[in-house]
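Trainee: Would you be able to build a 3D model of this:
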Amino acid sequence: MIRDWKRQQTTVVQKTRILDLCEVVDVSPYTGKTHNFVLIDSRAWVNMVPITAREEIVMIRQFRHGSQQVTFEIPGGMNDPAESPAEAALRECHEETGYSAKVAHCLGELNPNPALFNNTLHTFYGFVSETTPSEYSSETEKTEVELVPIDALKPLLLGGGIGHALVCATLWRFLYMWEKKELALD
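Mentor: Residues are numbered from 1 along each chain as shown. A predicted model of the protein is given here:
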């Protein structure tokens, strides 16, 4: 039977504005010995699948510094401490696309990578009001909006047009529920 290890100690090795790199000492439930591991401590993240009245997904293109590439994604980001995950999803959607939804419906939660991260990705969808798409720009981010028909998502996902693993997981979950007609339609 698989058992939980007990955390004995946590040391922050590097603190940054968005995450902390930590070294932890955990005790094996099988041998009683301690072992060192590395983990990334981060606030929760959110992803939002914004849907237009014409059954299009509002997506964004943006440069990602980790991969050094422009990626094709849905709006998302970090959950600020003073807001709920649903509020964060609605905020991120509006900030990054100019589109607003009144309600963020939950698609579920995912762990980005349980081997390294201790946080949760909260996934949502929502129906957005018609607007003129807007670009988002700050000192560190710039987005371009593109509307994608829902029936064009599978080829993009299967063909590699969308490569961000957490975005793919969110969109596959959304598509499954969309095709089963299991989504609230506001």
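Trainee: Now tell me what touches the helix ranked longest in the chain from outside.
Mentor: Looking across the chain with DSSP state H, the single longest helix is helix 165-179. Under the contact criterion CB atoms under 8 Å, 6 or more residues apart in numbering, helix 165-179 has outside partners 45, 47, 49, 57, 73-74, 76, 107-108, 110, 112, 121, 123, 125, 150, 153-154, 157, 162, 183. In this view, the C-beta of every residue, glycine as well, is placed from N, C-alpha and C.
Trainee: can we see that at 6 Å?
Mentor: The contact list for helix 165-179 (CB atoms under 6 Å, 6 or more residues apart in numbering) reads 47, 49, 73-74, 107, 110, 121, 123, 125, 153, 157, 162, 183.
Trainee: Now intersect those with the strands, please.
Mentor: Counting by DSSP state E, the contacts of helix 165-179 place 47, 49, 73, 107, 110, 121, 123, 125 in strands.
Trainee: Specify which member of those residues is nearest to Tyr99.
Mentor: Lowest distance from Tyr99 to these (CB to CB) belongs to Val49, with 11.4 Å.
Trainee: How about the contacts made by that closest one?
Mentor: Going by CB under 6 Å, 6+ apart, Val49 touches 74, 125, 174.
Trainee: Kindly provide the distance from the closest residue in space to it that isn't next to it in sequence to Leu157.
Mentor: Once flanking residues are discounted, Val49 sits nearest to Tyr125: 4.0 Å by CB to CB, 6 or more residues apart in numbering. Separation of Tyr125 from Leu157 (CB to CB, to the nearest Å): 16 Å.
Trainee: Same drill for these two, tell me which one is more crowded.
Mentor: Using other CB atoms under 10 Å as the criterion, Tyr125 and Leu157 rank with Tyr125 on top: 26 against 16.
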